[in-house]
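Engineer: What would the 3D arrangement of this be:
(2 chains)
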Amino acid sequence: MAAVTRARRPPLGRSLLRLFTVQGSWNYERLQGIGVGVAEEPLLRDLRAAGNGAVYRAAVARGAHFFNAHPYLCGLAVGAAARAEHEGATPEQIERLRSALCGPLGSLGDRLVWAGWLPVTSGLALIGVALGLGMDAVLGFLIVYNVGHVALRWWALRAGWAHGVRVAAALHQPLLQRAAAWSGPAMALAIGAALPLSTAYLAAPFPAWARGVLLGAAALGCAILWWWRGRLTGLRYGLGLLAVAALAGWIWR
Amino acid sequence: MTLELQLFLLVWGTLVGLDLVSVPQMMIARPIVAGPVAGAILGDLTTGLQLGVLFELFQYDVMPMGAARYPEYGPATVAAVSTAHLAAGTLGLGLGALVGLVTGMLGGVSIYVVRRATQHAVQAVAGRLEAGDVRLLVRVHVTAIARDALRAAVVTGAGLGLAQVVRLFLAGGLPAHGVTLLGVAAVAAAIATATAGTLRVVGRGANLRWFAAGLAGGAVLVWLR
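Structural biologist: Presented below is the predicted three-dimensional model:
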């Protein structure tokens, strides 16, 4: 049983900094485990300070076990597990807590960030560039995206530390739920608007006949990629189309 | 292009490659950032923005989840901008796309190789990690990040080398129609990829209506301009 100790001022800042590297040692065995263990370690130092060297080492080892979630939300598990270690939860409880968090944190993060915030902001950046904002649109994307990014990481770590083993309650935060609900429509709208504008922007140097060919090839390509989804990637389709174009151009001298 | 500029591009490509997964995931790895900065380094922002937009569209094919294998478009965009800058004009778009897509594929393979190497490194010290050896834990982590940095540098270097080869052997050999067709193919593939990738995420539910509304809004803006 771990000793019951309470950090007066947990080094959340140090843990947050390490969380920015949480996927640095991603591998096919522990996935994010090593990075999560490294990020959790500063929050466990009180255990060592209290003279519980063995408890501290056991907690650090547990922290580095298999873990997989959205990287921006790993802090929730880091904070919760560290708090549980301080409150004397059993190793089994902590392992169960970590396992239980993987799925929800992965799914929420994917919806909120990878399929929401990121495509929304990058879609807006594409629109900005296509409308002639140039580098301002790119800088705007970096700033706006990272305000949300850093805020989410910080919230996750604090919420994890505040709730400990009852961290599931934090996932029901109304703002988080609303953001997850809006991320899908916002993404669809932003990328939908970005597509025609980006096409016009990239096709501007081409003569009229080439724009017609472009629209036909894009429509055909979209249909092919949709039918063969899971088997044909955009990269392979792109390389194939470039090869066909090079051949056609060489013949058409 | 001077050696100094090539070195700047190599450093930028390495940072971009590190950002994708390892640190700090602030999205400088997105082509819409990697491309314009590479363009600015070369004093050719227009080309950087064009290739950035092109590869950002390809990027919508990728959902970077868990153990999924995917191409790496950050360093690829840096190499593509270098190619397009060397080739100049409309020719740049098609050749840039060619170099970028090949580099992106190489980047995807390299990520897999590095992850396997990190796995072996972790397995080799599993016993000491289970004993709670903190110094070793941090060392394994930092070494893995350094390994990823080296990977990103190698991928960027390979892309920049490929850019030189393509310029030497392809740039002068294509007729005018061929040049245009190559550019058209690059843009068409990017648009098709982005549309199909987005439709996969959007699905057939209510979000499809939002997507259609976005398309209509964008088309109106194009028409107004």
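
Engineer: What ranges does the stretch 101-250 of chain A have for its strands?
Structural biologist: Using DSSP state E, counting those that start in this stretch, the strands of the stretch 101-250 of chain A do not appear at all; there are none.

Engineer: contact partners of the helix or strand hosting A:A61?
Structural biologist: Take DSSP states H and E as the rule and A:A61 turns out to sit in helix A:53-63. Among residues not part of helix A:53-63, those counted as contacts by CB atoms under 8 Å, 6 or more residues apart in numbering or on different chains are A:2-3, A:36-37, A:40-41, A:44-45, A:47-48, A:78, A:81-82, A:85, A:91, A:94-95, A:98, B:129-134, B:137. All C-beta spots, glycine's among them, are computed from the backbone N, C-alpha and C.

Engineer: Out of those residues, which sit inside helices?
Structural biologist: Counting by DSSP state H, the part of those found in helices is A:36-37, A:40-41, A:44-45, A:47-48, A:78, A:81-82, A:85, A:91, A:94-95, A:98, B:129-130, B:134, B:137.

Engineer: residue of the stretch 51-200 of chain A with the smallest distance to chain B?
Structural biologist: Closest approach of the stretch 51-200 of chain A to chain B (CB to the nearest CB) occurs at A:G192, with a separation of 2.1 Å.

Engineer: ok, that residue - contacts?
Structural biologist: Listed by CB under 8 Å, 6+ apart, the contact set of A:G192 reads B:T198, B:W210, B:F211, B:A212, B:A213, B:G214, B:L215, B:A216, B:G217, B:G218.

Engineer: can you put those in CSV and add pLDDT and secondary structure?
Structural biologist: Supplementary listing: these in CSV, determined by pLDDT from 0 to 100; DSSP: H, G, I helix; E, B strand; the rest coil:
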residue, pLDDT, secondary structure
B:T198, 94, helix
B:W210, 96, helix
B:F211, 96, helix
B:A212, 96, helix
B:A213, 97, helix
B:G214, 97, helix
B:L215, 96, helix
B:A216, 97, helix
B:G217, 97, helix
B:G218, 97, helix
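
Engineer: Out of the residues you listed, flag the one nearest to chain A.
Structural biologist: Each of the contacts of A:G192 was scored against chain A by CB to the nearest CB, and B:G214 proved nearest at 2.1 Å.

Engineer: mind listing what the closest one touches?
Structural biologist: For B:G214, the set of contacting residues under the criterion of CB under 8 Å, 6+ apart consists of A:A188, A:L189, A:A190, A:I191, A:G192, A:A193, A:A194, A:L195.

Engineer: Find the nearest non-adjacent residue to the third one, please.
Structural biologist: By that I understand A:A190. A:G123 (3.4 Å; CB to CB, 6 or more residues apart in numbering or on different chains).

Engineer: Run a quick check on the one you found versus A:A188, I expect a contact.
Structural biologist: No - using CB atoms under 8 Å, A:G123 makes no contact with A:A188, being 9.5 Å away.

Engineer: Please give me every residue in contact with the residue sitting nearest the centre point of chain B.
Structural biologist: Centroid check for chain B by CA atoms, centre = their mean gives B:Y73 as the closest residue, at 1.4 Å. Residues counted as contacts of B:Y73 (CB under 8 Å, 6+ apart) are B:A29, B:P31, B:A34, B:F55, B:F58, B:Q59, B:V62, B:G100, B:G104, B:G107.

Engineer: Which members of these are classed as buried?
Structural biologist: B:A29, B:P31, B:A34, B:F55, B:F58, B:Q59, B:V62, B:G100, B:G104, B:G107 (16 or more other CB atoms under 10 Å in any protein chain shown).

Engineer: now, which of these lie within helices?
Structural biologist: Judged by DSSP H, the buried ones among the contacts of B:Y73 include B:P31, B:A34, B:F55, B:F58, B:Q59, B:G100, B:G104, B:G107 as members of helices.

Engineer: Tell me how far B:P75 lies from A:R14.
Structural biologist: Computed with CB to CB, to the nearest Å, the distance linking B:P75 and A:R14 is 30 Å.

Engineer: what do you get for A:G128?
Structural biologist: 36 Å.

Engineer: Looking at the two, which is more packed in?
Structural biologist: When neighbours are counted by other CB atoms under 10 Å in any protein chain shown, A:G128 comes out ahead of the other of A:G128 and A:R14, with 21 against 14.

Engineer: was I right about the more buried one contacting A:L142?
Structural biologist: No - A:G128 sits out of contact with A:L142 when judged by CB under 8 Å, with a separation of 12.0 Å.

Engineer: Just give the nearest non-adjacent residue to A:G116, would you?
Structural biologist: Among residues not flanking A:G116 along the chain, A:S183 sits closest, at 2.6 Å (CB to CB, 6+ apart).

Engineer: just B:A186 next, same as before
Structural biologist: For B:A186, the spatially nearest residue (CB to CB, 6+ apart) is B:A97, at 3.4 Å.

Engineer: ditto for A:P196
Structural biologist: Nearest-residue entry for A:P196: B:G218, 3.8 Å, with adjacent residues in sequence omitted and distances by CB to CB, 6+ apart.
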